Each structure stands twice: as C-alpha cells, then as structure tokens.
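>>> Only the shape, not the letters, is given here:
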C-alpha cells in the first residue's frame with residue numbers, strides 16, 4: 001500500500017479507469033482528477049506536489065484506456 005507517486009501516470013490511469021470506467025477523462029476537471037488520484041488506496045505522493053503536467057499525463061493515459069473500450 002502507498003506505492004504510487006505523481007510520476008506513475010500509467011499505473012494511476014489504469015486504476016482510475018477501473019474505478020470509473022464510464023467517465024470520459026476529458027470531462028474531468030483537474031480539481032476532481034486531483035481528488036480521484038489522492039483518494040486511491042495505493043497513492044503515497046504528496047498531494048501538494050501535483051503539477052498540471054502530471055495531471056495532464058494521468059488524464060491522457062486514462063483516456064487511452066477509456067478509448068480502448070469504446
């Protein structure tokens with residue numbers, strides 16, 4: 001538990017996709033995305049250390065998983 005950091009975009013994106021398979025990642029505001037990430041059981045990063053770049057990387061990776069099922 002507690003192994004994911006902001007730089008683990010692909011792993012985080014997969015977990016978000018599993019948790020929210022019906023949500024289009026492009027419709028998620030960064031404030032909500034930040035909350036989704038920090039609420040993941042395996043997330044151990046510093047919530048204050050997130051950046052727009054990290055959130056965008058997570059969002060784009062999540063989008064790739066989302067598109068695979070459409």
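On my side now, so go ahead. Just so it is clear, the structure is predicted and the values come from calculations on it, not from any experiment. Numbers count the residues shown, from 1 in each chain.

>>> which residues in the chain form helices?
For the chain, the helices defined by DSSP state H occupy 9-19, 30-38, 52-68.

>>> Figure out which of those helices is closest to residue 2.
Nearest to residue 2, of all the helices of the chain, is helix 30-38, at 11.8 Å by C-beta to C-beta. Every C-beta, even on glycine, is put in place using the N, C-alpha and C of the backbone.

>>> picking up where we left off before, out of the helices of the chain, deepest packed?
Mean neighbour counts were compared across the helices of the chain using mean count of other C-beta atoms under 10 Å; the top stretch is helix 9-19, at a mean of 18.

>>> Who are the packing partners of that one?
The contact analysis (3 or more C-beta pairs under 8 Å, 6 or more residues apart in numbering; DSSP states H and E) places helix 9-19 against helix 30-38, helix 52-68.

>>> I'd like the helices of the chain as JSON lines, with distance to residue 2 and mean pLDDT appended.
What follows is the helices of the chain, written out as JSON lines (distance: least, C-beta to C-beta, whole Å; pLDDT from 0 to 100):
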{"stretch": "helix 9-19", "distance to residue 2": "13", "mean pLDDT": "98"}
{"stretch": "helix 30-38", "distance to residue 2": "12", "mean pLDDT": "98"}
{"stretch": "helix 52-68", "distance to residue 2": "17", "mean pLDDT": "98"}
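
>>> For the ones you listed, give me CSV that also has distance to residue 44.
As requested, the helices of the chain are exported to CSV (distance: least, C-beta to C-beta, whole Å):
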stretch, distance to residue 44
helix 9-19, 11
helix 30-38, 10
helix 52-68, 14
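
>>> Name the residues that touch stretch 4-11?
If you take C-beta atoms under 8 Å, 6 or more residues apart in numbering as the criterion, stretch 4-11 is touched by 12, 15, 37, 40, 42-45, 49-51, 54, 57-58, 60-61.

>>> list the contacts for residue 43?
2, 4, 12, 37.

>>> same deal with residue 19?
Applying C-beta under 8 Å, 6+ apart, the residues near residue 19 are 36, 40.

>>> switch the cut-off to 10 Å
Neighbouring residues of residue 19 by C-beta atoms under 10 Å, 6 or more residues apart in numbering: 36, 39-40.
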